[in-house]
Each structure stands twice: as C-alpha cells, then as structure tokens.
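Build me a structure from this.
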Amino acid sequence: MKHEAFSDALSMIDDKFVVEAQKPIANRSFAPTVIKIGFAAAACAAAVCAFILFPRGNSADILISGEKPSAGPVIVRSYDNNSVGVIRAYSIEYLDIPVSITSSEKSVVEISGGTLRCEGNNEQVDTKYEVFGNASLVWNVPLDDKSAEFTLKVQTGNQTRVFELSFDESESKWTMCEKQ
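Modelled structure (predicted):
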C-alpha cells in the first residue's frame, strides 16, 4: 500500500472508533470460570463418593443345578413314565436341587416347601436360611403332587429374586425359572 493511500484510510476512520481504541483494556475476571469449574469438580466428586459409599443393592448370582434360571427354564428333573412301579406309586419321591449363591453380602433364602440345608452341614431348615457371602445349598423337595408349585426366594440387600419350581405337563419335566 502506498503512503498516500494509507494516510487517506486513516483519515477516514470515524472518531468514535479512535476514542474507543484509546481506552485502557479492562481486566477480565476469571472468577466465574473458576467457580464453574469448581462446581463441576464438586459434582463429580459427590457422584464418585455416592457410587463408592452407598450400597447399590446388588443381587446375588444364583445357579440352580449349575445353570442360570434367569436365562430360561432349568430342567431339574426328567420324569420317566416307564419306571412308574408299585413301590414308586405309593411312596413320596424327593428331589435334591443344588443351589449355589455367590454374593458379597448377607442373603436370606426362603422356600415354600421341602427343606433346605447347607452342603457340608447337616442342619436343615423348613422355611428361612441366612447365608453370609457364598454358599452351596441343597433344596430337598417332595414330588408327590405334580400340580404343586414351589418357590425359592433369595433376598440380598434390597434386591429380591424369586424362582418357581413347577411340573411342565407338555415336557413331562420339573422345571425351575425366575419369576419377574
């Protein structure tokens, strides 16, 4: 740019822009930004503390006969029509169902029929059993009535899971599934 053109450009600038340019630059305060960052950090810290300190109510991991009944019905007994005999017809059959509970806290196990015992312990209970942590239980159920339905309820923290044992007429098998 030539000197004359530059001079003409400067002379055509409005005076209000020149006055504004001569004012000192105001110091911007970073306090609002720091406060916003502080609030965000405090909210994150509170969320992390709540996640770590407060119980989340994890339910126990439960296996019935080595399978997860939440994935679908677990066949616990296959009823064989060919082996029905005189002695079998007049006696009550019992089925031992292995129940494995994996939990990091106390679980209360309740049953609606039969007896429950802890493997390695001969103590039997009829309705309620408290388990601390992991346990292997055996649920002994009488199979004298095919129309009967039995329930196994496991409460861990504030989570309750209910499993139902019933006879499936179409399959002629005893099955166990989790009730929703």
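
Low-confidence stretches in this structure?
1, 28-30, 54-59, 70-71, 77-92, 121-123 (pLDDT under 70).

What residue spans form the domains of it?
3-53, 61-179 (automatic domain parsing).

end-to-end on the shortest one?
In this case it means domain 3-53. Distance across domain 3-53, first residue to last, is 74 Å (CA to CA, to the nearest Å).

any idea how far that domain is from the chain center?
Here domain 3-53 shows a centroid-to-chain-centroid distance of 48 Å under the convention CA atoms, centre = their mean, to the nearest Å.

Same question for stretch 106-117.
21 Å.

residues of it that come out buried?
If you call a residue buried by 16 or more other CB atoms under 10 Å, then stretch 106-117 has these buried ones: Ser107, Val109, Glu110, Ile111, Gly113, Gly114, Thr115, Leu116, Arg117. Where C-beta positions appear, they are placed from N, C-alpha and C, glycine not excepted.

which residues sit in contact with the closest residue to Val162 other than its chain neighbours?
Leaving out its chain neighbours, the residue that sits closest to Val162 by CB to CB, 6 or more residues apart in numbering is Lys179, at 4.5 Å. By CB atoms under 8 Å, 6 or more residues apart in numbering, the contact set of Lys179 is Thr151, Val162, Phe163, Glu164.

Buried among the residues you listed? Make that a ChimeraX selection.
To isolate in ChimeraX the members of these that are buried, counting by 16+ other CB under 10 Å, one can use:
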select :163,164
